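I would like to see how this sequence folds:
(2 chains)
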Amino acid sequence: MTQVDPQILLVEDDPEDVKLTLHALREENLANTIQVARDGEEALDFLFCRGEFASRSFDHPPRLVLLDLKLPKVDGLEIVRAVKGDPRTQAIPVVVLTSSNEESDLVKSYKLGANAYIQKPLEFDAFRQVVKQLGLFWLVVNAPPPPSTFRP
Amino acid sequence: MKSPHETMHSFLPKIRPLTQGVIGRPGIHARESVAYILAFTLVLVTVGVFLRWHISSSYQEEMAYWRERQTSVADNRTHRVLDWLTDHQADAQLFATHPSVRHALRAYYDAGQLPGRSAGALRELAASIDEIERLYSYTRVYVLDRDVHVLARSSRSLPLSPVLTEICRKVAETGSSRIDLTGKTPDETLISIGVAVVPEPGTLGASPTPAQPLGVALVVFDAAHTLFPLVTQEGVPTRTGETVLVRREGNDIVFFSPLRHVPAGSQYLRFPLPSAPVAARLALEGLVTFAEYNDYRGVPALAATRHIPLTGWGLVRKIDRAEAMEDFRRMAIGEGLTAGFLIILLGALLLFHRRDLMTRVVKKEEEKFRALLESAPDAIYLIEPSTLRILRRNRRAVEMDGYSEEDLARMTAIDLYPPEDQASLRIRFEWGSETGPALPIHTLHHRRKDGELVPVEESQTLVDAGGERLVLSIVRDITDRNRAEEEIQNLNERLEQRVTERTAELEDANKELEAFAYSVSHELRAPLRHLDGFSKLLVEGHHAELSPDALEYVATIRRSALRMGRLIDDLLNVARVGRKPLSMQVTGLNSLVEEVKAALNYENADRLIEWKVETLPFVECDPALMKQVFANLLSNAVKFTRPRKPAVIEVGVTYQDGARAVFVRDNGVGFSMKYAHKLFGVFQRLHRSEDFEGTGVGLATVERIIHKHRGRVWAQAELDKGATFYFTLGSSDEPQPEKRADSGGNT
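Reported below is the predicted structural model:
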């Protein structure tokens, strides 16, 4: 499963959301580069190459993290803090993709260094459009940070 | 470092300039004194004038009395003398016509003036002379011939003195009788009356010329036993009253009658004319006067002057002024003394009355002062500044400090304080000599006799109490106040605690609410998203397998999910409006309206909408929320005018009850005012959703926002005739309308 380093880390506890998100990404042929983490702890293990993902290397970070905020075990904002607070991971683009548009969530996310904040649209068409654009932008349009960025 | 004493010095102002003392009223004394002096002076002057008038008139009366009396006595004595002289002159005249005299003289001349040849007739004459002398009480009797040779004389008579001879010669020469006086002392004064002896009428006899007398008859009286008693006899006895006779002798004036104040047997008093007593001179000049003159002793006397005819003598009736005026003087002195006594009595009465009055005034003042002192709600001490002895204190002070009078006698004001405070307080009780405003109020403790400490507030003043410097110390027991303050403090603390508790509770509730809203926003949307997502996937992936009915059902599921999503969003928005604090800034309402209008125009490009937006004010508000207000009101207006072509939407300003209100008016379908009360309730809708979509949360949000701005929102509408929504914004956006001011000025 880990022969190819995944380009997108999707952190999402809701299986239905995972299905819908993957469905949308699949339409753009991006689904096979996705690693899904079902809770905060798993996401952190993956990002910081520990536990189950101890064999991973910081030299191959994901190109994009799609992060839900309400997560079991470790909260989404904690993950933003951890990623953006560590020089080995702080260059990884983190896009918050969540149900809520609570102002406090927006403020905290940006203050902790999130790169974008998107409320999941209710209509599936709109949701699909958003996910597609995200994938295209971050994986195709956007120039990724060079490997030296991840060295302390 | 400054010592505590120096520091205190700099805080405590030493006494400043004078303030009038509270005790005593100097005005009353001066005013009453003037009144008393005036009254006294008036009485004094009145009595003085009356006394002077009375004494003066009494003097006049007394003088009139003495004029009357002296004049009448003078007249009486003058008449007596004159009568006596006239009588005795007549007697002498009779003697001169006595037959023996004439006979003897004729015989003498017939005998050729030789006494020897007429001795018989002369002997006969001598015998009758003795007889006549005895009969008339003459001292001596002489008969002389016309050449003044003595022809006969009584047997007691001495030879004729040259003075008497000279008198007789004058009588013989003139033929008229003559009265004269000889002597050296009043006792031996002789009065001589010389009378010419003329022949019997019708007989020429031996007389050579008819005019020439035959001789002279001379009778001599002893004045001391004859005339003088008539003069010196005093009718009403007096001590100094007397009548004196005077006559000229050459250039001298001689007092020849016996004088009361000269010893008997003395020689005549004799004064040279210029220095003679005035009364005597005036009498001799023939003036009838009455006045005050100095008598022969030089003593003032009241004297009446008379002139005695026949003789050229003067008569002075006089009495010493001292005696004459003795009664008057006594009366005057008596009256003076009486008046003086009365005046002194009056003065004493006035003084006594004044003192009595003053005493009463002072007593009254004292009582007022005492009442003031005793009724004062604060303790008051009067302290002597030099010794700090407590001279006086009021009832409140006694209640407060608990010391007895005996205790007080052994204490100073400093001892009223606890020992540890006394050293620092001494400086407060160092007084200068100038009175001034009170020292600033000082809060400290007094120590009661029982040792208990009383919290007090006190102030001292140096006052001038009738010339005496006293320290007035006013002390307020603030035990109760402190207790009340403590209670207030406690209450405040309890209140604060309660507020804290309530706030905490509210904060908890708020947090719960927030958490709830947060959860709602996260958790409730996900299932809806899934409903829509999977419905969509069903339609896309299994379109062929679904009947048209099934497709329709799936479409309905999707609509409901979306609708539920909007409801949740709107509800969350309402909740958020309530929670969020306002961030106020001055905002032009027109700019908000323009933004909303642009968005609505974009969304409703197919609609014909006529906008009438007036100039709106700049107000202090939360612009984001205010934009929501316009967004809701304007989108409603657009929504409910959908049947209208064109739709007319107005935004403007109006004044309602003096408050400025912004309104949004449309010509839409309106609503019945019957339901106006439901307008702003959450989920309340007045239209069916198939006619006009909506959640029924928009106006509830508007109301929340307006209320947060302390404003008011209401609506006016009529079914099918459009609706108008008004709102006001608190008090902060209230310049008074200019129109009102103008109309006010015109009427």
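
Please tell me how far B:E285 sits from A:R63.
177 Å (Cβ to Cβ, to the nearest Å). For the C-beta atoms, the positions are set from N, CA and C on the backbone; glycine is no exception.

These two: which has the busier surroundings?
Between B:E285 and A:R63, counting by other Cβ atoms under 10 Å in any protein chain shown, A:R63 is the more crowded of the two (20 against 11).

from memory that one sits against A:W138, does it?
Yes. Using Cβ atoms under 8 Å, A:R63 is in contact with A:W138, at 6.1 Å.

Please enumerate the shared neighbours of those two.
A:I8, A:P93 (Cβ atoms under 8 Å, 6 or more residues apart in numbering or on different chains).

for the top helix by length along chain B, what is the average pLDDT?
Ranked by residue count, the top helix of chain B under DSSP state H comes out as helix B:26-96. Mean pLDDT, helix B:26-96: 86.

Quick one: mean pLDDT over the helix or strand following it.
Using DSSP states H and E, the helix or strand that follows helix B:26-96 towards the C-terminus is helix B:99-110. Average pLDDT, helix B:99-110: 82.

Same question for stretch B:234-254.
88.

What are the buried residues along it?
By 16 or more other Cβ atoms under 10 Å in any protein chain shown, the buried positions in stretch B:234-254 come out as B:T240, B:G241, B:E242, B:T243, B:V244, B:L245, B:V246, B:R247, B:R248, B:I253, B:V254.

which residues are in contact with that stretch?
For stretch B:234-254, using Cβ under 8 Å, 6+ apart, the contacting residues are B:73-74, B:77, B:81, B:181, B:231-232, B:255-257, B:259-261, B:268-273, B:276-277, B:280-281, B:283-284, B:296, B:301, B:308, B:311-320, B:322-323.

Now do the longest helix of chain B: distance to the chain's middle.
In terms of Cα atoms, centre = their mean, to the nearest Å, the centre of helix B:26-96 is found 49 Å from the chain centre.

So which bits of chain B are right by chain A?
Chain B comes close to chain A at residues B:517-518, B:521-523, B:525-526, B:528-530, B:532-537, B:561-562, B:565, B:576, as judged by Cβ under 8 Å from any Cβ of the partner chain.

Contact partners for the residue nearest the centre of chain A?
Centroid-nearest residue in chain A: A:V65, 1.7 Å away (criterion: Cα atoms, centre = their mean). By Cβ under 8 Å, 6+ apart, A:V65 lies in contact with A:I8, A:L9, A:V11, A:A43, A:L47, A:V83, A:I92, A:P93, A:V94, A:V95.

If we use 6 Å, what do you get?
A:L9, A:I92, A:V94 (Cβ atoms under 6 Å, 6 or more residues apart in numbering or on different chains).

What's the separation between the last one and B:Q233?
The gap separating A:V94 from B:Q233 is 173 Å, by Cβ to Cβ.

before we move on, back to that, any idea which of the buried residues of stretch B:234-254 is the one closest to chain A?
Checking these against chain A with Cβ to the nearest Cβ, the nearest one is B:T240 at 144.7 Å.

which residues touch B:V648?
B:V648 is in contact with B:E610, B:N667, counting by Cβ under 6 Å, 6+ apart.

can you do 10 Å?
Counting by Cβ atoms under 10 Å, 6 or more residues apart in numbering or on different chains, B:V648 makes contact with B:I609, B:E610, B:W611, B:K612, B:A637, B:T641, B:R665, B:D666, B:N667, B:G668, B:G722.

pLDDT score assigned to it?
Taking B:V648 on its own, its pLDDT is 92.

now do B:R448
pLDDT, B:R448: 88.

same deal with B:A438?
73.

That one: how many residues sit nearby?
Neighbours of B:A438 (other Cβ under 10 Å): 16.

before we move on, back to that, and the contacts of B:V648, which are buried?
Buried members of the contacts of B:V648, counted by 16+ other Cβ under 10 Å: B:I609, B:W611, B:A637, B:T641, B:R665, B:D666, B:N667, B:G668, B:G722.

Domain boundaries for chain B, per the record?
Following automatic domain parsing, one finds the domains of chain B at B:97-222, B:234-324, B:376-477, B:489-562, B:582-727.

Do you have the strands of the stretch 501-650 of chain B handy? List them.
B:585-588, B:609-613, B:618-621, B:647-656 (DSSP state E, counting those that start in this stretch).

so residue 127 is in which element?
Here I'm looking at chain A. Residue-wise, A:F127 maps onto helix A:124-136 under DSSP H and E.

That was the other one, I meant chain B.
helix B:119-136.

Let me know the angle separating that helix from helix B:26-96.
Here the directions of helix B:119-136 and helix B:26-96 differ by 150 degrees (axes from the mean of the first three to the mean of the last three Cα atoms, to 10 degrees).

who does helix B:119-136 touch, helix- and strand-wise?
On a contact count with 3 or more Cβ pairs under 10 Å, 6 or more residues apart in numbering or on different chains; DSSP states H and E, helix B:119-136 meets helix B:26-96, helix B:99-110, strand B:140-145, strand B:150-153, strand B:215-222.

Return the most buried member of the ones you listed.
strand B:215-222 (a mean of 27; mean count of other Cβ atoms under 10 Å in any protein chain shown).

Need the CA coordinates for that one. PDB is fine.
The C-alpha trace of strand B:215-222 is given here as PDB (Å, rounded to 0.1, in the frame of the first residue of the first chain):
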ATOM      1  CA  GLY B 215     -29.800 187.800 117.600                       C
ATOM      2  CA  VAL B 216     -29.400 184.100 117.400                       C
ATOM      3  CA  ALA B 217     -30.900 181.300 119.400                       C
ATOM      4  CA  LEU B 218     -28.800 178.200 119.400                       C
ATOM      5  CA  VAL B 219     -30.000 174.800 120.700                       C
ATOM      6  CA  VAL B 220     -27.700 171.800 120.800                       C
ATOM      7  CA  PHE B 221     -28.700 168.200 120.900                       C
ATOM      8  CA  ASP B 222     -26.800 165.100 121.900                       C
END
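
Okay, now the sheet partners of that strand, with direction.
Take DSSP bridges as the rule and strand B:215-222 pairs in its sheet with strand B:140-145 (antiparallel), strand B:190-197 (antiparallel).

Quick one: mean pLDDT over the longest one.
Here strand B:190-197 scores 89 as its mean pLDDT.

Tell me where chain A is predicted with low confidence.
Where chain A drops to pLDDT under 70, the residues are A:1-4, A:152.

what does it put close to chain B?
A:14-17, A:19-21, A:23-24, A:68-70, A:98-105, A:119-128 (Cβ under 10 Å from any Cβ of the partner chain).
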